[in-house]
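Undergrad: Turn this into a model:
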Amino acid sequence: MKKVVEEKWIKGNYYAIYYDDALSHRINVYRDSVLLNEYKYIFIILSDGSIEQNIFKFINVYYRDLNENVREQIASALKLLYVFKELKMKSLEEFDVIDIKQLSDFILGINYEGSTSSYFFKERRSNKTHNLYFGHIRRYFSFLKIDNGNIENKSLVQIRKSGFGMLSHTKVVHTNRFDINKKILDNAYEPEAITNNDYHKIIKRIKKDNHILVNRNIIIIRLMYEYGLRIGEVLGLTLEDLLCDEKGLYGSLILRNRMSDKKYQHAKSCGNQFVSEKDKQTVIISKDMYEMIKRYISRINNPLRISDKCLNNYQLQAKATAFSEAENYYIFLNKNYTPLSSSGITKLIKRYFTECGISVDRDKKQLGVCHRFRHGTAKFILQNEAIAPTKEERLLRVKEYLRHKSLESTCVYTKPSKEENINNQLKIQKAINFGGLDE
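TA: Predicted structure coming up:
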């Protein structure tokens, strides 16, 4: 009997192949990268130690100008494809309808126990990720000029599409959908969001701390809630990204990716590095916010406060790629003067949540506590009629303020929160019991 077991290792996951409980071999296919001439080349190493040349050309030549995150996503999809290829011991041209169905289950991470073979996987993937990966695989097959109708077949389906606004209606739209794609269920609720009251409670709690990092923590929370920045955009900020206008009326933050960034420091929707205006975004900040950041920078760079060890860490580990001649460093540091990580700030914010009585859903794989501030920004704008008189106008303001590419991303905030849905249901039930709704 054949048994396939997914196991974790330093390069990701490998797959151990057993026959009658005796280890036969391992499939070690993994993603790797190298920085050369300020460009990150991403590639796949096969079990025999060779680089898969077709994938290399597909990612680094054919899709050279794509965002680095997207190219890494493509590599992740094709890594699974080549693991499956080694499992089946077939060429891609030989994949039939059963192989494609099994590849679909493999990507989802569905375990299977049969009379002749069993598969045990550690990692599960969502339907959304499944469809995304198959899109990349489909384009890769096209790049290789492999004609496989089993991943190209489409069927006509109908979907319900809703607009936004008080008088909007749900429309039934007919569209073609790939047969191999899985149905993605729409979330009935808006994303969890920090309320304005929660925000002020958190700021008040941080001010009770008595250490040099108090201002850093307040600035990070303010940037995420008041300005809607993602945590990666905050952690990737460097000294040269903080600017002030000529009259000193306001400041600005330049969001862009640089070669020195870690993955958790990437700014979404920006290019791999600053080349043109489309590869960066500008966020206007108040004069007060600008001056607060400048004071924090001056304080942490005070030579009387920095030990030799911390200074060494700062010069070696906090240095960032510069787009000017001056030396450049990341703004937000930990107590050891190395760049603050996403796990570090997430752990801290979860503690503030707990101490302020804000729920943390421990059942979720990714808590996303930092992103709740951005959701809170959107909710605050949508509920504030002083910003714009109509809901439609406020929705457009959210799109602009949060730098969404499309209004579709913004419309998720028009859904009721779980608490609002519960209150609405209780109100209806009360009205049914007592003969009418309260005025």
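Undergrad: Show me where the stretch 251-400 of the chain has its strands.
TA: Along the stretch 251-400 of the chain, counting by DSSP state E, counting those that start in this stretch, strands occupy 281-286, 319-320, 328-329.
Undergrad: Turn the ones you listed into CSV, columns for mean pLDDT.
TA: Shown next, in CSV, are these (pLDDT from 0 to 100):
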stretch, mean pLDDT
strand 281-286, 94
strand 319-320, 94
strand 328-329, 96
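Undergrad: To T414, which of these lies closest?
TA: Closest approach to T414 among the strands of the stretch 251-400 of the chain (Cβ to Cβ): strand 281-286, 23.8 Å. All C-beta spots, glycine's among them, are computed from the backbone N, C-alpha and C.
Undergrad: by contact count, what packs against that closest one?
TA: Contact here means 3 or more Cβ pairs under 8 Å, 6 or more residues apart in numbering; DSSP states H and E; on that basis strand 281-286 packs against strand 250-255.
Undergrad: so the strand it packs on versus strand 281-286, what angle?
TA: Note on geometry: by axes from the mean of the first three to the mean of the last three Cα atoms, to 10 degrees, strand 250-255 and strand 281-286 are set 150 degrees apart in direction.
Undergrad: For strand 250-255, list the C-alpha coordinates in PDB.
TA: C-alpha atoms of strand 250-255 as PDB (Å, rounded to 0.1, in the frame of the first residue of the first chain):
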ATOM      1  CA  TYR A 250       1.500  69.200   6.500                       C
ATOM      2  CA  GLY A 251       3.700  66.100   6.000                       C
ATOM      3  CA  SER A 252       3.600  63.100   3.700                       C
ATOM      4  CA  LEU A 253       4.600  59.500   3.700                       C
ATOM      5  CA  ILE A 254       5.900  57.800   0.600                       C
ATOM      6  CA  LEU A 255       4.900  54.200   0.300                       C
END
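Undergrad: In what element of secondary structure is N176 found?
TA: In this structure, N176 sits in strand 170-178 according to DSSP states H and E.
Undergrad: should've said I203
TA: Per DSSP H and E, I203 falls inside helix 196-206.
Undergrad: Can you tell me how far I422 is from I428?
TA: Distance of I422 to I428, computed by Cβ to Cβ, to the nearest Å: 11 Å.
Undergrad: Rounded mean pLDDT for the helix holding I203, please.
TA: In this model, helix 196-206 has a mean pLDDT of 95.
Undergrad: Give the other helices and strands that that helix contacts.
TA: helix 214-226, helix 342-355, helix 371-383.
Undergrad: I'd like the C-alpha coordinates of that helix written as CSV, please.
TA: Output of helix 196-206 as CSV, limited to C-alpha atoms (Å, rounded to 0.1, in the frame of the first residue of the first chain):
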residue,chain,number,x,y,z
ASN,A,196,-13.5,54.9,17.5
ASN,A,197,-14.1,54.2,21.2
ASP,A,198,-11.8,51.1,21.0
TYR,A,199,-9.1,53.3,19.3
HIS,A,200,-9.1,55.9,22.1
LYS,A,201,-9.1,53.2,24.8
ILE,A,202,-6.0,51.6,23.2
ILE,A,203,-4.2,55.0,22.9
LYS,A,204,-5.0,55.7,26.6
ARG,A,205,-3.7,52.3,27.6
ILE,A,206,-0.4,52.8,25.7
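Undergrad: Give me the contacts around that helix.
TA: Residues from elsewhere that reach helix 196-206, judged by Cβ atoms under 8 Å, 6 or more residues apart in numbering: 194, 214, 217-218, 221-222, 225, 352-353, 355-358, 373, 376, 380.
Undergrad: tell me how far it is from the chain's mean position?
TA: Helix 196-206 sits 25 Å away from the centroid of its parent chain (Cα atoms, centre = their mean, to the nearest Å).
Undergrad: Kindly report the same for stretch 148-155.
TA: 29 Å.
Undergrad: residue ranges of the helices in the stretch 51-200 of the chain, please?
TA: Secondary structure of the stretch 51-200 of the chain by DSSP state H, counting those that start in this stretch: the helices cover 53-57, 68-88, 97-108, 127-143, 149-152, 196-206.
Undergrad: which of those helices sits most buried?
TA: Mean neighbour count (mean count of other Cβ atoms under 10 Å) peaks for helix 68-88 among those, with a mean of 20.
Undergrad: contacts for that helix?
TA: The contact list for helix 68-88 (Cβ under 8 Å, 6+ apart) reads 4, 12, 15, 17, 27, 29-31, 40, 42-44, 46-47, 52, 55, 58-60, 63, 66, 91-92, 95, 99, 102-103, 106-107, 132-134, 136-137, 140, 257, 266, 268, 272.
Undergrad: average pLDDT for it?
TA: This predicted structure assigns helix 68-88 an average pLDDT of 94.
Undergrad: how close does E226 sit to T377?
TA: 7 Å.
Undergrad: quick one: which of these two has more around it?
TA: Comparing E226 with T377 by other Cβ atoms under 10 Å, the one with more neighbours is T377, at 24 against 16.
Undergrad: Is that one in contact with H404, as I believe?
TA: No - assessed by Cβ atoms under 8 Å, T377 is found out of contact with H404, at 11.8 Å.
Undergrad: quick one, domains of this protein?
TA: 2-152, 189-439 (automatic domain parsing).
Undergrad: Number of residues surrounding the closest residue to L235 other than its chain neighbours?
TA: The shortest distance from L235 to any non-neighbouring residue, by Cβ to Cβ, 6 or more residues apart in numbering, is to Q265 (4.8 Å). Q265 has 24 neighbours, counted by other Cβ under 10 Å.
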